[in-house]
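S.K.: please find the sequence and the predicted model below.
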Amino acid sequence: MASSTGEETVPSENVLEWAQKDKHRFLHAVYRVGDLDRTIKFYTECFGMKLLRKRDIPEEKYSNAFLGFGPEDSHFVVELTYNYGVDKYDIGSGFGHFAIASEDVNKLVKDIRAKGGKITREPGPVKGGTTVLAFVQDPDGYTFELIQRGPTPEPLCQIMLRVGDLERSIKFYEKACGMKLLRSKDVPDYKYTIAMMGYAEENESTVIELTYNYGVTEYTKGNAYAQVAISTEDVYKSAAVVDLVTKELGGKITRQPGPIPGINTKITSFLDPDGWKVVLVDHSDFLKELENPEGQMMLRVTTITRRWVDGSNTEELVEGFDQETAAVVLARYVSLKMEMEKEFDATRSLIRLCSRFDDYRKQDPASFTLHPNFSILPQFMFNLRRSQFIQVSKNSPDGTAYFQMLLNRESITNSVVMIQPSLLSYSFNSPPAPALLDVASISADRILSLDAYFSVVIFHGMTIAQWRNMGYQNQREHQILGRRWRSVLRSVCTRSWAP
Ligand SMILES: C[C@@H](O)C(=O)SC[C@H](NC(=O)CC[C@H](N)C(=O)O)C(=O)NCC(=O)O
Ligand SMILES: [Zn+2]
């Protein structure tokens, strides 16, 4: 369906469907600690967690440590952040607890106490219920609930957050994140209600435990707990869903979908109606970026198994279609065929594909639409035909061979950039955001970086160019501008490829 501006708009109910179709997994909870080694020692010795990886980012003055009960590609973990020189944080009144499932809470409490851990609630049935639990405080004051449970594949099993309107929050996490309400429980004697939200059985996986205290609608957030990271199969579609849901239930997008400059992992982030932050991370990017305990980048070859479907079953074919991968495979195929068959015409492939998966009314060309899962292919083919893989006359044979070698060797993400340059727009009051490959993206107060993989072009809008020419970035009275300008240049120039 085309709108008056000619842009394709998809009815909101179709957009919202994506959250229910998407595949999600809880990846990690991010929070700040005052002493990384102190917390690592406590979690490994008292909880039995394993240190999975550490990283230090001196230019940004912080370090991270990831700990959990199993590897990150299959377990929910904690991501600790240590900011240089900051040894204390305010946890606020809204953050409740993390939870660790144990088959013997009493024994675990004894062990933790013997190692100097601070038990703030002795083991016993929960007030108003029967589940045996205990509470322990970690060195920074974060509360960990120790919950009695049989064997489970996911011991790190809860993030408890207090909310001011339980129904609103349940609806938000169902519609924006595709979560299910796994269980709710009202405890009138203690004037609270809880709701367990997640993607699988409560005893088998991590959940967000939403807690409503009767009559309490506001909590302080503090500056200690940061966010929860959840995987998604498509950050762009997921962000479109979240944007719609925030208009209905509150909350807001805090980072538009797109690659993290220099890392390429695609993310989007937002606040829920109570201000709790969620980051959605592209799952295949996440798996590729995982590092091993020595901190080396471990590029994983992730075999994405797609259920094969009978070619005549168009609907299932469309639903499982990965257009970025298809576009790159098509480019690799076409650049090979062009070399072997001079009369080979790449457009025929696109025409065949469109005639198979399009939707239009006869005699009405304007009604032509392609399913969203095919939306980038036409523009991709437009750029491929003009790329150095097809227009070989401009290169030496060695040059063409070099470009084709890289196209066949690089990741899907980088190969897409080789054929369809990515344009990022940087401004001084919002995070970098993908921009349309069109002159309309040029504006006086923005810096544009065109990444064509083999070359990067940095364009300064007229106003910024004037500031730069007048040396504002080096003048004391414009030091904020200078700092921002240098961080923009740094993020543009720190790319992950090395031709
Ligand atoms: C089910 C389990 O994971 C829980 O966390 S329920 C524990 C129970 N929660 C509350 O009381 C929530 C309301 C409270 N006012 C709050 O805001 O945290 C709890 O903490 N019980 C205490 C006990 O001693 O049982
Ligand atoms: Zn709990």
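M.R.: Yep, it's here. Residues are numbered from 1 along each chain as shown. Ligands and ions are numbered 1, 2, ... in the order given.
S.K.: drop to CA atoms for contacts and neighbour counts, all remaining ones
M.R.: Will do.
S.K.: doesn't residue 62 make contact with residue 84?
M.R.: Yes. Using C-alpha atoms under 8 Å, residue 84 is in contact with residue 62, at 5.5 Å.
S.K.: SS state for the spatially most central residue of the chain?
M.R.: By C-alpha atoms, centre = their mean, the chain has its centre lying nearest to residue 281, at 1.7 Å. Three-state call for residue 281 (DSSP: H, G, I helix; E, B strand; the rest coil): strand.
S.K.: I'd assumed residue 232 was in contact with it.
M.R.: Yes. With contacts counted by C-alpha under 8 Å, residue 281 reaches residue 232, the gap being 5.8 Å.
S.K.: okay, now the domains of the chain?
M.R.: 12-299, 314-402, 422-493 (automatic domain parsing).
S.K.: check contacts around the nearest residue to residue 250 once chain neighbours are set aside.
M.R.: Using C-alpha to C-alpha, 6 or more residues apart in numbering and skipping the chain neighbours, the partner closest in space to residue 250 is residue 273 (4.7 Å). Each residue near residue 273 by C-alpha atoms under 8 Å, 6 or more residues apart in numbering is listed here: 168-169, 172, 246, 249-252.
S.K.: and residue 273, that one's in a helix?
M.R.: No. Assignment of residue 273 by three-state DSSP gives coil, placing it outside any helix.
S.K.: any stretches of the chain with poor pLDDT?
M.R.: By pLDDT under 70, the low-scoring segments of the chain are 1-11, 291-311, 342-343, 490-499.
S.K.: what residues does it have near ligand 1?
M.R.: Neighbours of ligand 1 within the chain, by C-alpha under 6 Å from any ligand atom: 96, 126-127, 192, 211, 213.
S.K.: now render the residues you listed as CSV, adding secondary structure, distance to residue 150 and neighbour count.
M.R.: Output for the residues of the chain next to ligand 1, formatted as CSV (DSSP: H, G, I helix; E, B strand; the rest coil; distance: C-alpha to C-alpha, whole Å; neighbours: other C-alpha atoms under 10 Å):
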residue, secondary structure, distance to residue 150, neighbour count
96, strand, 23, 20
126, coil, 17, 12
127, coil, 21, 12
192, strand, 26, 15
211, strand, 24, 25
213, strand, 29, 18
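S.K.: can you redo those as a markdown table with distance to residue 41?
M.R.: Below are the residues of the chain next to ligand 1 laid out as a markdown table (distance: C-alpha to C-alpha, whole Å):
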| residue | distance to residue 41 |
| --- | --- |
| 96 | 23 |
| 126 | 29 |
| 127 | 31 |
| 192 | 35 |
| 211 | 30 |
| 213 | 34 |
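S.K.: which among these gets closest to residue 54?
M.R.: residue 96 (26.0 Å; C-alpha to C-alpha).
S.K.: buried ones in the lengthiest helix in the chain?
M.R.: Longest helix in the chain, counting residues (DSSP state H): helix 323-340. Neighbour-count burial for helix 323-340, counted by 16 or more other C-alpha atoms under 10 Å, picks out 323-324, 327-332, 334-335, 337-338.
S.K.: then stretch 344-359?
M.R.: Buried-residue list, stretch 344-359, by 16+ other C-alpha under 10 Å: 346, 350, 354, 357.
S.K.: the third one reaches residue 370, doesn't it?
M.R.: Yes. Residue 354 is in contact with residue 370 according to C-alpha under 8 Å; the separation is 7.3 Å.
S.K.: residue 98 sits in which helix or strand?
M.R.: Under the criterion of DSSP states H and E, residue 98 resides in strand 95-102.
S.K.: distance between the strand or helix carrying residue 145 and the chain's centre?
M.R.: In this assignment (DSSP H and E), residue 145 forms part of strand 143-148. In terms of C-alpha atoms, centre = their mean, to the nearest Å, the centre of strand 143-148 is found 28 Å from the chain centre.
S.K.: need the next SSE after that strand, C-terminal direction.
M.R.: Using DSSP H and E, the helix or strand that follows strand 143-148 in sequence is strand 156-162.
S.K.: packing partners for that following strand?
M.R.: Contact partners of strand 156-162 among helices and strands, from 3 or more C-alpha pairs under 8 Å, 6 or more residues apart in numbering; DSSP states H and E: strand 95-102, strand 207-213.
S.K.: and the contacts of the helix or strand just after that strand?
M.R.: Counting by DSSP H and E, the element after strand 156-162 in chain order, helix or strand, is helix 166-177. Residues outside helix 166-177 that contact it (C-alpha under 8 Å, 6+ apart) are 16, 19-20, 163, 179-181, 195, 197, 210-212, 238, 241-242, 245, 249, 272-273.
S.K.: send me helix 166-177 as PDB with only the CA atoms.
M.R.: Taking C-alpha atoms only, helix 166-177 is exported to PDB below (Å, rounded to 0.1, in the frame of the first residue of the first chain):
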ATOM      1  CA  LEU A 166       1.300  -3.600  36.200                       C
ATOM      2  CA  GLU A 167      -1.200  -4.000  33.400                       C
ATOM      3  CA  ARG A 168       0.500  -1.300  31.300                       C
ATOM      4  CA  SER A 169       3.900  -3.000  31.800                       C
ATOM      5  CA  ILE A 170       2.600  -6.400  31.000                       C
ATOM      6  CA  LYS A 171       1.000  -5.100  27.800                       C
ATOM      7  CA  PHE A 172       4.200  -3.200  26.900                       C
ATOM      8  CA  TYR A 173       6.500  -6.200  27.100                       C
ATOM      9  CA  GLU A 174       4.000  -8.400  25.300                       C
ATOM     10  CA  LYS A 175       3.500  -6.000  22.400                       C
ATOM     11  CA  ALA A 176       6.900  -4.300  22.200                       C
ATOM     12  CA  CYS A 177       9.100  -7.300  23.000                       C
END
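S.K.: can you tell me which of the helices and strands packed on strand 156-162 is most buried?
M.R.: Comparing the helices and strands packed on strand 156-162 by mean neighbour count (mean count of other C-alpha atoms under 10 Å), strand 207-213 ranks first with a mean of 23.
S.K.: what are the pairing partners of that one, and which direction each?
M.R.: strand 156-162 (parallel), strand 192-198 (antiparallel) (DSSP bridges).
S.K.: so what's the residue of the stretch 151-300 of the chain found nearest ligand 1 closest to, chain neighbours aside?
M.R.: Nearest residue of the stretch 151-300 of the chain to ligand 1, counting by C-alpha to the nearest ligand atom: residue 192, 5.2 Å away. Nearest in space to residue 192, with sequence neighbours left out and distances taken as C-alpha to C-alpha, 6+ apart, is residue 213 at 4.3 Å.
S.K.: my guess is the one you found contacts residue 188. True?
M.R.: No. Residue 213 is beyond contact range of residue 188, at 9.8 Å (criterion: C-alpha under 8 Å).
S.K.: show me what contacts whichever residue of the chain sits closest to ligand 1?
M.R.: Residue of the chain nearest ligand 1, by C-alpha to the nearest ligand atom: residue 126 (3.5 Å). Contact partners of residue 126, counting by C-alpha under 8 Å, 6+ apart, are 132-133.
S.K.: got the phi/psi numbers for it?
M.R.: phi -60, psi 140 (degrees, to the nearest 10).
S.K.: ok, residue 30 next?
M.R.: Residue torsions, per degrees, to the nearest 10, at residue 30 are phi -110, psi 130.
S.K.: so it sits against residue 78, correct?
M.R.: Yes. Between residue 30 and residue 78 there is a contact under C-alpha under 8 Å: 6.1 Å.
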